[in-house]
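Asker: Give me the fold of what follows.
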Amino acid sequence: MKTVRFPYGTSYLEHTFAENELQAVLLSKIEEYDPHKTAEALVKDALEHPIGSAPLWELAKGKRKVVLIASDHTRPVPSRVIVPQMLTEIRRGNPEAEITILIATGCHRETTAEELMDKFGPEIATKERIVIHDCDDRAHLLNVGTLPSGSPCEINSIAAEADLLVSEGFIEPHFFAGYSGGRKSVMPGVAARSTVMGNHCSEFIDDPHARTGILDGNPIHRDMLWVAKTAKLRFIVNVVLNGEKQVIHAVAGDVDEAHRAGVSFLSSLCATKAVEADVVLTTNGGYPLDQNMYQAVKGMTAAEATVKAGGVIIMLARSGDGIGGDHFYHQLADEPDIHKTMALFRSRARGETVPDQWQTQILLRILMHAHVIYVSEMDDETVRRMHMTPAHSIGEALAEAKRILKNPTPTVTAIPDGISVIVTK
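Answerer: I've put the predicted structure just below:
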């Protein structure tokens, strides 16, 4: 008998597996890593020893308009730890700097005042100038050139016109950009929707290099790094988090060099060998990334890498915010034939990408490989319309998986945090 805990919202779901039922639990070694320092100390050390860059305080000298790109409500970045230290360093170099905190919403909804308060604390949320990026606000977007992929590149004018552009973020495996963090603060973080869509085209999503844990040869990463360098993102502070969302590592400095140093640290801990199984349980690491079905596609890709063809993925995502995107919903719910939808996406050129197509395309790829049972608080009919089977507990989902497979004793692999691992063959 073995009991496994799976992050679910702000809590956990537990299940005790019978003897010989569970063949593997895929975990990153992040949970075993102890930095022996507090989050504050790790960030401070990173700021004091920047990689490939002068210190932030030195970069701030003589810079009037300083823009700090911060993550939005969908990311568990510990901004209360990172941003105060960055602001201190900027003002150390230039006490007169006009600082704007620009919230990198990408194509997500606007971050609320309550979420800003929770993210930064009252001191920063009420006293600093905070602007929330809107990817559709044409009045505040500026063309900075053409992406290597050929699409026009527009970013928030506040970022484009900064005398000094810096960012915070965190590094984790990413299901098509390779890893999050670094350059992603600018694109998609503060880019126009049309620019994001050009980068997230079906051709690139289909590219075998556009997968978890891959940067080299990844066309999506190539575009993103070009945008960050073109926008003159001069300094980043990125952290690595464990499953409890605690900081275990921090890097600071050049957008590429510091990011790759963080990636190297993370990849040494989170790569795990696939253990092929009939049924694979996975999660999106709990709150905030399991707030909706749209985000939950990320965790499914970890299971995709180790479930047998025709097997069953059980995705555990609370989804208190529901679907997470109208386009995403209608692309799946309005067409019963998933193969027809995939063919439509693949027929579109780079400049013809529509909103949320990339997320739908990845989910379609998963659904063509395996059945998906979705454990959430969403209503059953909505889940069914998204071509998945609804369930509301692990026990119910396992029983349904056995019925689908017509096998009372399927092999099972568990991935307690599908966001934190890179599953390799």
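Asker: what helix or strand does residue 209 sit in?
Answerer: For residue 209, there is no host helix or strand (DSSP states H and E).
Asker: pretty sure residue 67 belongs to a strand, no?
Answerer: Yes: using DSSP: H, G, I helix; E, B strand; the rest coil, the assignment for residue 67 is a strand.
Asker: Would you check how far apart it and residue 86 are?
Answerer: Computed with CB to CB, to the nearest Å, the distance linking residue 67 and residue 86 is 12 Å. Every residue, glycine included, has its C-beta placed from N, CA and C.
Asker: Next, show the common contact partners of these two.
Answerer: The contact sets of residue 67 and residue 86 overlap at residue 166 (CB atoms under 8 Å, 6 or more residues apart in numbering).
Asker: give the contact list for the nearest residue to residue 385 once chain neighbours are set aside.
Answerer: Counting by CB to CB, 6 or more residues apart in numbering, residue 333 is the residue found nearest to residue 385 once chain neighbours are left out, at 4.0 Å. Residues in contact with residue 333 (CB under 8 Å, 6+ apart) are 382, 385-386.
Asker: Check the secondary structure at residue 131 for me.
Answerer: The three-state assignment at residue 131 reads strand, by three-state DSSP.
Asker: Please tell me the pLDDT value assigned to it.
Answerer: With respect to pLDDT, residue 131 scores 98.
Asker: now residue 142
Answerer: 97.
Asker: ditto for the one 4 residues further on
Answerer: The predicted local confidence for residue 146 comes out at a pLDDT of 94.
Asker: does it really touch residue 195, like I thought?
Answerer: No: proximity of residue 146 to residue 195 does not meet the contact threshold set by CB atoms under 8 Å, at 10.2 Å.
Asker: Common neighbours of these two, please.
Answerer: 152-153.
Asker: more crowded one of the two?
Answerer: The neighbour comparison of residue 146 against residue 195 (other CB atoms under 10 Å) goes to residue 195, with 23 against 13.
Asker: Now do the helix or strand that one falls within: which elements does it pack against?
Answerer: Using DSSP H and E, residue 195 sits in helix 193-199. In terms of contacts (3 or more CB pairs under 8 Å, 6 or more residues apart in numbering; DSSP states H and E), helix 193-199 is packed against strand 152-156, helix 219-230.
Asker: on that earlier part again, select from the contacts of residue 333 every entry located in helices.
Answerer: If you go by DSSP state H, the contacts of residue 333 have 382, 385 in helices.
Asker: now the contacts of residue 333: which count as buried?
Answerer: Buried by 16 or more other CB atoms under 10 Å: 382, 385-386, out of the contacts of residue 333.
Asker: List the buried residues for stretch 6-25?
Answerer: By 16+ other CB under 10 Å, the buried positions in stretch 6-25 come out as 6-9, 13, 15, 17, 22, 24-25.
Asker: What are the contacting residues of that stretch?
Answerer: For stretch 6-25, contacts defined as CB under 8 Å, 6+ apart pick out 1-5, 243, 275, 277, 281, 283-287, 290, 316-318, 320, 375, 393-395, 398, 409, 411-417.
Asker: give me that answer again for 7 Å
Answerer: With contacts defined as CB atoms under 7 Å, 6 or more residues apart in numbering, stretch 6-25 is touched by 1-5, 243, 275, 277, 281, 283, 285-287, 290, 316, 318, 320, 394-395, 411-414, 416-417.
Asker: pLDDT and secondary structure for the buried residues of stretch 6-25 - can I get that in a markdown table?
Answerer: Listed next are these as a markdown table, based on pLDDT from 0 to 100; DSSP: H, G, I helix; E, B strand; the rest coil:
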| residue | pLDDT | secondary structure |
| --- | --- | --- |
| 6 | 97 | strand |
| 7 | 95 | strand |
| 8 | 97 | strand |
| 9 | 96 | coil |
| 13 | 97 | strand |
| 15 | 96 | strand |
| 17 | 94 | strand |
| 22 | 95 | strand |
| 24 | 96 | strand |
| 25 | 96 | strand |
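Asker: Widest-spaced pair of those?
Answerer: Within those, 9 and 24 form the most distant pair, 25.1 Å apart (CB to CB).
Asker: where in the chain is pLDDT low?
Answerer: Scanning the chain for pLDDT under 70 picks out nothing.
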